[in-house]
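Visitor: fold the stuff below for me.
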Amino acid sequence: QVQLVESGGGLVQAGGSLRLSCAASGRIFDNFIMGWFRQAPGKERDFAGAIRWSGGSTVYADSVKGRFNISRDNAKTTVYLQMNSLKPEDTAVYYCAAGSIWSSSSRRYPYWGQGTQVTVSS
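Guide: Model (predicted):
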């Protein structure tokens, strides 16, 4: 089993920054993909980006490209989502997820954290 715990959410003004953390424990494999998703009220859960645990290559949704950056600390088994130039439309619950398939589909990620709220005020 894999356990994921997000932290770092909060309230920030538009144009500000936040860094989310996702601490992973349990059976973390080198081929794991760590994804970040977000879900705004009344909307579907959308892909924000992902990183390969081994190698560190990343991919981002167009909506966050150039503003968000995903990194990982293998020693701490933690993945980070650095969010800059935040916009009110970035307001959502942010989830980290783990799986073994490189995908933007939430269905490909069997392990999920509990989510952390990010609110961006205008």
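Visitor: which residues in this protein form helices?
Guide: Assigned by DSSP state H, the helices in the chain number zero.
Visitor: grab the most central residue of it for me.
Guide: residue 36 (2.5 Å; Cα atoms, centre = their mean).
Visitor: quick check: that one vs residue 59, distance?
Guide: Taking Cβ to Cβ, to the nearest Å as the criterion, residue 36 is separated from residue 59 by 11 Å. Any C-beta I mention is one placed from the backbone N, CA and C, and that applies to glycine too.
Visitor: intersection of neighbour lists for those two?
Guide: Shared contacts of residue 36 and residue 59, defined by Cβ atoms under 8 Å, 6 or more residues apart in numbering, comprise 49, 50.
Visitor: quick one, what contacts the closest residue to the residue nearest to the centre of the chain other than its chain neighbours?
Guide: Excluding the flanking residues, the one nearest residue 36 by Cβ to Cβ, 6 or more residues apart in numbering is residue 48, at 4.4 Å. Listed by Cβ under 8 Å, 6+ apart, the contact set of residue 48 reads 35, 36, 37, 38, 60, 61, 63, 64, 68, 81, 94.
Visitor: got a list of what the fifth one touches?
Guide: For residue 60, the set of contacting residues under the criterion of Cβ under 8 Å, 6+ apart consists of 48, 49, 68, 70.
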